[in-house]
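> Take a look and give me a structure for this.
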Amino acid sequence: MILFDDIGSYPLPEGISKEWIAHGVKNNDPKLIKILRDAMQQKIDAGVDVPTYPQYQDMNQQFLGIINDESAQEEPLIVRKEKARIMELSAIEETGAEYYRKNGKKLDVRICVTGPVELYLKQFGGTAYKDVLDAFATSTDRFIANSIDNAKQIRIATVSIDEPSIGINPQIMFSESDLAEALEKATRTSASHKIDTEIHLHSPLHYKLVCNVPSIGIIGVESAANPSYLDLVDKKDLADYDKFLRIGVSRTDIFGMAAALNEKYGTNVWKEPAKLNEITTQMETPDIIKKRLEKAYRIFGGRIKYAGPDCGLGSWPSQELAFKLLQNTGQGIKEFLKSAKSGATI
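Sure, this is the predicted structure:
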(Lines give C-alpha, C1' and ligand atoms only; values in the text may rest on other atoms or scores of the structure.)
Protein backbone atom coordinates (compact mmCIF):
# COMPACT_ATOMS: atom_id res chain seq x y z
CA MET A 1 0.00 0.00 0.00
CA ILE A 2 1.39 3.39 -1.03
CA LEU A 3 0.07 6.35 0.94
CA PHE A 4 -0.43 9.84 -0.49
CA ASP A 5 1.11 12.60 1.62
CA ASP A 6 2.31 16.17 1.12
CA ILE A 7 5.38 18.03 2.36
CA GLY A 8 3.66 20.89 4.18
CA SER A 9 3.85 24.41 2.83
CA TYR A 10 0.83 25.76 0.96
CA PRO A 11 -0.06 29.04 -0.75
CA LEU A 12 -1.44 31.78 1.46
CA PRO A 13 -4.99 32.99 0.85
CA GLU A 14 -5.25 36.04 -1.36
CA GLY A 15 -4.48 39.22 0.54
CA ILE A 16 -2.49 37.52 3.32
CA SER A 17 1.27 38.12 3.54
CA LYS A 18 4.10 36.30 5.29
CA GLU A 19 4.47 39.37 7.49
CA TRP A 20 0.84 39.08 8.56
CA ILE A 21 1.41 35.39 9.38
CA ALA A 22 4.33 36.29 11.65
CA HIS A 23 2.12 38.88 13.36
CA GLY A 24 -0.72 36.36 13.63
CA VAL A 25 1.53 33.78 15.26
CA LYS A 26 2.88 36.30 17.75
CA ASN A 27 -0.60 37.48 18.72
CA ASN A 28 -2.42 34.14 18.44
CA ASP A 29 -4.84 35.79 16.01
CA PRO A 30 -8.10 33.82 15.57
CA LYS A 31 -8.00 34.66 11.86
CA LEU A 32 -4.74 32.69 11.58
CA ILE A 33 -6.40 29.67 13.17
CA LYS A 34 -9.12 29.82 10.51
CA ILE A 35 -6.52 30.14 7.72
CA LEU A 36 -4.71 27.04 9.00
CA ARG A 37 -7.91 25.03 9.32
CA ASP A 38 -9.08 26.05 5.84
CA ALA A 39 -5.76 24.99 4.28
CA MET A 40 -5.79 21.68 6.15
CA GLN A 41 -9.33 21.03 4.98
CA GLN A 42 -8.30 21.70 1.39
CA LYS A 43 -5.61 19.03 1.68
CA ILE A 44 -8.16 16.58 3.08
CA ASP A 45 -10.67 17.43 0.34
CA ALA A 46 -7.96 16.90 -2.29
CA GLY A 47 -7.61 13.33 -1.07
CA VAL A 48 -4.29 13.48 0.79
CA ASP A 49 -4.10 10.35 2.98
CA VAL A 50 -1.62 11.81 5.46
CA PRO A 51 -1.64 15.61 5.16
CA THR A 52 1.05 17.72 6.80
CA TYR A 53 -0.08 20.61 8.98
CA PRO A 54 -0.03 23.78 6.83
CA GLN A 55 3.42 25.33 7.01
CA TYR A 56 3.24 29.09 6.66
CA GLN A 57 6.09 30.04 8.99
CA ASP A 58 9.78 30.13 8.11
CA MET A 59 11.02 26.56 8.45
CA ASN A 60 13.99 27.63 10.58
CA GLN A 61 12.63 30.52 12.60
CA GLN A 62 9.52 28.56 13.57
CA PHE A 63 11.77 26.38 15.73
CA LEU A 64 14.79 28.62 16.37
CA GLY A 65 12.56 31.35 17.74
CA ILE A 66 11.51 29.00 20.55
CA ILE A 67 14.87 27.25 20.98
CA ASN A 68 16.67 30.60 21.39
CA ASP A 69 14.10 31.97 23.85
CA GLU A 70 15.88 31.80 27.22
CA SER A 71 12.56 31.53 29.05
CA ALA A 72 11.83 28.33 27.10
CA GLN A 73 15.24 26.73 27.60
CA GLU A 74 16.25 23.93 29.91
CA GLU A 75 19.86 24.51 28.89
CA PRO A 76 21.34 26.65 26.11
CA LEU A 77 19.78 25.50 22.80
CA ILE A 78 17.81 22.75 24.56
CA VAL A 79 14.14 23.63 24.73
CA ARG A 80 11.96 22.47 27.59
CA LYS A 81 9.56 19.84 26.33
CA GLU A 82 6.44 21.71 27.42
CA LYS A 83 7.60 24.75 25.41
CA ALA A 84 8.43 22.74 22.27
CA ARG A 85 5.07 23.47 20.71
CA ILE A 86 4.01 23.43 17.07
CA MET A 87 1.10 25.84 17.27
CA GLU A 88 -0.34 24.69 13.93
CA LEU A 89 -1.16 21.30 15.42
CA SER A 90 -3.30 22.91 18.12
CA ALA A 91 -5.03 24.92 15.42
CA ILE A 92 -6.09 21.85 13.43
CA GLU A 93 -7.40 19.87 16.42
CA GLU A 94 -10.91 21.09 15.59
CA THR A 95 -10.40 19.97 11.97
CA GLY A 96 -9.52 16.56 13.37
CA ALA A 97 -12.64 16.52 15.53
CA GLU A 98 -14.82 17.32 12.52
CA TYR A 99 -13.05 14.62 10.50
CA TYR A 100 -13.80 12.10 13.24
CA ARG A 101 -17.47 13.09 13.32
CA LYS A 102 -17.71 12.50 9.57
CA ASN A 103 -15.53 9.41 9.21
CA GLY A 104 -15.58 7.65 12.58
CA LYS A 105 -11.79 7.60 12.81
CA LYS A 106 -9.01 10.01 13.67
CA LEU A 107 -7.33 12.07 10.99
CA ASP A 108 -3.81 10.80 10.21
CA VAL A 109 -1.40 13.74 10.19
CA ARG A 110 2.21 14.12 9.10
CA ILE A 111 4.37 16.52 11.07
CA CYS A 112 7.50 18.09 9.66
CA VAL A 113 10.19 19.41 11.99
CA THR A 114 13.31 21.15 10.74
CA GLY A 115 16.20 18.81 11.53
CA PRO A 116 19.25 19.48 13.71
CA VAL A 117 21.71 19.84 10.82
CA GLU A 118 19.59 22.47 9.09
CA LEU A 119 19.03 24.39 12.33
CA TYR A 120 22.75 24.24 13.10
CA LEU A 121 23.74 25.56 9.67
CA LYS A 122 21.25 28.39 9.92
CA GLN A 123 22.60 29.55 13.27
CA PHE A 124 26.30 28.59 13.21
CA GLY A 125 27.28 28.05 9.57
CA GLY A 126 30.20 25.80 8.71
CA THR A 127 32.01 25.51 12.06
CA ALA A 128 31.62 22.06 13.65
CA TYR A 129 30.69 21.88 17.32
CA LYS A 130 29.30 18.43 18.03
CA ASP A 131 27.83 19.34 21.42
CA VAL A 132 25.84 22.13 19.77
CA LEU A 133 24.59 19.81 17.04
CA ASP A 134 23.52 17.34 19.72
CA ALA A 135 21.67 20.10 21.56
CA PHE A 136 19.70 20.92 18.41
CA ALA A 137 18.98 17.20 17.98
CA THR A 138 17.58 17.02 21.51
CA SER A 139 15.38 20.04 20.85
CA THR A 140 14.14 18.57 17.56
CA ASP A 141 13.16 15.39 19.40
CA ARG A 142 11.29 17.42 22.01
CA PHE A 143 9.17 19.15 19.38
CA ILE A 144 8.26 15.70 18.11
CA ALA A 145 7.56 14.34 21.62
CA ASN A 146 5.38 17.33 22.51
CA SER A 147 3.40 16.90 19.28
CA ILE A 148 2.76 13.22 19.98
CA ASP A 149 1.79 13.77 23.61
CA ASN A 150 -0.64 16.60 22.87
CA ALA A 151 -2.42 15.14 19.84
CA LYS A 152 -6.01 14.61 21.01
CA GLN A 153 -8.32 14.78 17.99
CA ILE A 154 -5.66 13.82 15.44
CA ARG A 155 -3.22 10.92 15.12
CA ILE A 156 0.43 11.63 14.39
CA ALA A 157 0.95 8.98 11.72
CA THR A 158 4.20 10.21 10.15
CA VAL A 159 7.09 12.27 11.48
CA SER A 160 9.47 13.87 9.00
CA ILE A 161 12.60 15.81 9.74
CA ASP A 162 13.49 18.30 7.03
CA GLU A 163 17.19 18.26 6.11
CA PRO A 164 17.51 19.95 2.69
CA SER A 165 21.23 20.73 3.08
CA ILE A 166 22.43 17.14 3.45
CA GLY A 167 23.85 16.18 0.07
CA ILE A 168 23.79 19.77 -1.22
CA ASN A 169 25.49 22.18 1.19
CA PRO A 170 29.30 21.97 1.21
CA GLN A 171 29.36 23.86 4.54
CA ILE A 172 28.57 20.68 6.48
CA MET A 173 31.82 19.82 8.27
CA PHE A 174 30.63 17.06 10.59
CA SER A 175 31.68 13.44 10.12
CA GLU A 176 29.08 10.96 8.89
CA SER A 177 29.06 9.25 12.29
CA ASP A 178 28.36 12.58 14.05
CA LEU A 179 25.55 13.34 11.59
CA ALA A 180 24.05 9.86 11.98
CA GLU A 181 24.17 10.15 15.77
CA ALA A 182 22.42 13.53 15.70
CA LEU A 183 19.71 12.28 13.33
CA GLU A 184 19.12 9.25 15.54
CA LYS A 185 18.82 11.45 18.63
CA ALA A 186 16.41 13.77 16.83
CA THR A 187 14.04 10.94 15.92
CA ARG A 188 14.34 8.73 18.99
CA THR A 189 10.87 9.47 20.36
CA SER A 190 8.98 8.93 17.10
CA ALA A 191 10.77 5.63 16.55
CA SER A 192 10.02 4.49 20.10
CA HIS A 193 6.31 5.16 19.41
CA LYS A 194 6.49 3.02 16.25
CA ILE A 195 5.54 6.03 14.13
CA ASP A 196 6.70 6.12 10.50
CA THR A 197 9.78 8.31 10.66
CA GLU A 198 11.09 9.99 7.53
CA ILE A 199 13.88 12.29 6.47
CA HIS A 200 13.08 14.77 3.71
CA LEU A 201 16.18 15.31 1.57
CA HIS A 202 16.43 17.58 -1.46
CA SER A 203 19.16 15.32 -2.86
CA PRO A 204 19.60 11.59 -2.14
CA LEU A 205 23.36 11.81 -2.75
CA HIS A 206 24.11 10.82 0.84
CA TYR A 207 21.14 8.53 1.44
CA LYS A 208 23.53 5.83 2.70
CA LEU A 209 24.18 8.04 5.71
CA VAL A 210 20.52 7.55 6.65
CA CYS A 211 20.86 3.78 6.23
CA ASN A 212 22.98 3.93 9.38
CA VAL A 213 20.26 5.68 11.40
CA PRO A 214 18.04 2.93 12.85
CA SER A 215 15.32 5.33 13.97
CA ILE A 216 14.63 6.65 10.43
CA GLY A 217 12.81 4.16 8.25
CA ILE A 218 11.81 6.27 5.25
CA ILE A 219 13.99 8.31 2.89
CA GLY A 220 12.35 11.07 0.88
CA VAL A 221 13.46 11.58 -2.73
CA GLU A 222 12.34 14.51 -4.91
CA SER A 223 12.15 12.42 -8.06
CA ALA A 224 9.43 14.08 -10.16
CA ALA A 225 11.49 17.07 -11.29
CA ASN A 226 14.71 15.04 -11.03
CA PRO A 227 14.03 11.45 -12.22
CA SER A 228 17.78 10.72 -12.21
CA TYR A 229 17.72 10.92 -8.41
CA LEU A 230 16.21 7.44 -8.39
CA ASP A 231 19.37 6.17 -10.10
CA LEU A 232 21.37 7.19 -7.02
CA VAL A 233 19.44 4.84 -4.74
CA ASP A 234 20.20 1.12 -4.67
CA LYS A 235 17.22 -1.09 -3.85
CA LYS A 236 19.61 -3.62 -2.28
CA ASP A 237 20.67 -1.02 0.28
CA LEU A 238 17.03 -0.39 1.14
CA ALA A 239 16.43 -4.10 1.64
CA ASP A 240 19.67 -4.69 3.57
CA TYR A 241 18.93 -1.85 6.02
CA ASP A 242 15.13 -2.27 5.92
CA LYS A 243 14.48 1.24 4.63
CA PHE A 244 11.60 2.52 2.51
CA LEU A 245 11.14 5.45 0.14
CA ARG A 246 8.89 8.47 0.02
CA ILE A 247 9.04 9.53 -3.63
CA GLY A 248 7.97 12.69 -5.39
CA VAL A 249 5.58 11.91 -8.24
CA SER A 250 4.39 15.44 -9.05
CA ARG A 251 6.59 18.46 -9.70
CA THR A 252 6.48 21.47 -7.40
CA ASP A 253 9.20 23.59 -9.05
CA ILE A 254 6.70 26.22 -10.11
CA PHE A 255 9.34 28.63 -11.43
CA GLY A 256 10.85 25.98 -13.69
CA MET A 257 7.46 25.04 -15.08
CA ALA A 258 6.49 28.68 -15.54
CA ALA A 259 9.75 29.27 -17.42
CA ALA A 260 8.82 26.47 -19.83
CA LEU A 261 5.45 28.13 -20.41
CA ASN A 262 7.11 31.51 -20.91
CA GLU A 263 9.24 29.98 -23.64
CA LYS A 264 6.27 28.21 -25.19
CA TYR A 265 4.10 31.33 -25.39
CA GLY A 266 6.79 34.00 -25.63
CA THR A 267 5.23 35.86 -22.73
CA ASN A 268 5.39 36.29 -18.98
CA VAL A 269 2.81 33.87 -17.64
CA TRP A 270 3.00 35.47 -14.20
CA LYS A 271 1.19 38.42 -15.79
CA GLU A 272 -1.27 36.05 -17.48
CA PRO A 273 -2.02 33.65 -14.62
CA ALA A 274 -4.70 31.79 -16.56
CA LYS A 275 -1.90 30.22 -18.62
CA LEU A 276 -0.45 28.73 -15.43
CA ASN A 277 -3.47 26.42 -15.35
CA GLU A 278 -1.72 24.46 -18.08
CA ILE A 279 0.55 23.10 -15.34
CA THR A 280 -2.32 20.98 -14.01
CA THR A 281 -4.19 20.44 -17.28
CA GLN A 282 -1.23 19.35 -19.43
CA MET A 283 2.07 19.16 -17.53
CA GLU A 284 1.12 17.49 -14.22
CA THR A 285 -1.89 15.39 -15.13
CA PRO A 286 -3.00 12.23 -13.28
CA ASP A 287 -1.76 10.10 -16.18
CA ILE A 288 1.74 11.63 -16.13
CA ILE A 289 1.87 11.25 -12.35
CA LYS A 290 0.73 7.63 -12.62
CA LYS A 291 3.48 6.90 -15.18
CA ARG A 292 6.14 8.32 -12.84
CA LEU A 293 4.93 6.06 -10.05
CA GLU A 294 4.88 3.08 -12.39
CA LYS A 295 8.50 3.72 -13.36
CA ALA A 296 9.59 4.04 -9.74
CA TYR A 297 7.66 0.92 -8.78
CA ARG A 298 9.38 -1.10 -11.48
CA ILE A 299 12.67 -0.23 -9.78
CA PHE A 300 11.78 -0.36 -6.10
CA GLY A 301 8.52 -2.30 -5.83
CA GLY A 302 7.27 -2.61 -2.27
CA ARG A 303 10.08 -0.43 -0.94
CA ILE A 304 7.93 2.62 -1.83
CA LYS A 305 5.73 3.52 1.15
CA TYR A 306 4.67 7.13 0.45
CA ALA A 307 4.23 9.24 -2.67
CA GLY A 308 3.20 12.82 -3.27
CA PRO A 309 4.46 16.17 -4.53
CA ASP A 310 8.23 16.69 -4.61
CA CYS A 311 8.25 19.49 -2.06
CA GLY A 312 6.00 22.13 -0.54
CA LEU A 313 3.61 24.32 -2.50
CA GLY A 314 4.12 27.57 -0.61
CA SER A 315 5.61 29.37 -3.63
CA TRP A 316 2.65 28.53 -5.89
CA PRO A 317 0.58 31.54 -6.98
CA SER A 318 -2.80 30.42 -5.63
CA GLN A 319 -4.47 27.89 -3.39
CA GLU A 320 -6.69 26.88 -6.30
CA LEU A 321 -3.74 25.79 -8.46
CA ALA A 322 -2.06 23.99 -5.55
CA PHE A 323 -5.32 22.22 -4.69
CA LYS A 324 -5.64 21.02 -8.29
CA LEU A 325 -2.09 19.63 -8.23
CA LEU A 326 -2.90 17.72 -5.03
CA GLN A 327 -6.08 16.39 -6.64
CA ASN A 328 -4.19 15.26 -9.74
CA THR A 329 -1.51 13.65 -7.58
CA GLY A 330 -4.08 11.72 -5.58
CA GLN A 331 -5.88 10.61 -8.73
CA GLY A 332 -2.64 9.43 -10.34
CA ILE A 333 -1.69 7.41 -7.25
CA LYS A 334 -5.20 5.97 -7.01
CA GLU A 335 -5.15 4.89 -10.67
CA PHE A 336 -1.75 3.29 -10.17
CA LEU A 337 -2.96 1.34 -7.13
CA LYS A 338 -6.07 0.24 -9.01
CA SER A 339 -3.95 -1.07 -11.90
CA ALA A 340 -1.58 -2.84 -9.50
CA LYS A 341 -4.45 -4.48 -7.64
CA SER A 342 -6.02 -5.74 -10.86
CA GLY A 343 -2.71 -7.32 -11.88
CA ALA A 344 -2.22 -5.03 -14.86
CA THR A 345 1.32 -4.78 -16.18
CA ILE A 346 3.29 -2.05 -14.43
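> so who does Thr158 touch?
Thr158 makes contact with Asp5, Val50, Asp108, Val109, Arg110, Ile111, Ile195, Asp196, Thr197, Glu198, Ile218, Tyr306 under the criterion C-beta atoms under 8 Å, 6 or more residues apart in numbering. (Glycine included, C-beta is placed from N, CA and C.)
> Helix, strand or coil: sort out the third one for me.
Spelled out, that is Asp108. Secondary structure, DSSP: H, G, I helix; E, B strand; the rest coil: Asp108 is strand.
> and what of the last one?
Using three-state DSSP, the three-state assignment for Tyr306 comes out as strand.
> count of neighbours near it?
Other residues lying near Tyr306 total 24 when counted by other C-beta atoms under 10 Å.
> quick one on the thing from earlier: would you show me how to pick out the buried ones of the contacts of Thr158 in ChimeraX?
Those of the contacts of Thr158 that count as buried under 16 or more other C-beta atoms under 10 Å are selected in ChimeraX with:
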select :5,50,108,109,110,111,195,196,197,198,218,306
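> Downstream of the one helix or strand in the chain whose mean pLDDT sits lowest, the next helix or strand is which one?
When the helices and strands of the chain are compared on mean pLDDT, DSSP states H and E, helix 18-27 comes out lowest with a mean of 93. Sequence order places helix 30-45 as the next helix or strand after helix 18-27, per DSSP states H and E.
> between the least confident helix or strand of the chain and helix 30-45, how big is the angle?
110 degrees (axes from the mean of the first three to the mean of the last three C-alpha atoms, to 10 degrees).
> Sort out which residues of helix 18-27 are buried, please.
For helix 18-27, a neighbour-count test (16+ other C-beta under 10 Å) marks Trp20, Ile21, Ala22, Gly24, Val25 as buried.
> try stretch 9-16
Taking 16+ other C-beta under 10 Å as the criterion, stretch 9-16 shows Ser9, Tyr10, Pro11, Leu12 as buried.
> next one: stretch 78-93
Quick answer for stretch 78-93 (16+ other C-beta under 10 Å): 78-81, 83-93.
> out of the residues you listed, who's nearest Lys185?
Nearest to Lys185 out of these is Ile78 (C-beta to C-beta; 11.4 Å).
> and the closest one, what is it in contact with?
Counted by C-beta under 8 Å, 6+ apart, Ile78 has contacts Ile67, Ala135, Thr138, Ser139, Arg142.
> quick one: pLDDT of it?
Looking at Ile78, its pLDDT is 98.
> same deal with Gln171?
pLDDT at Gln171 comes out at 84.
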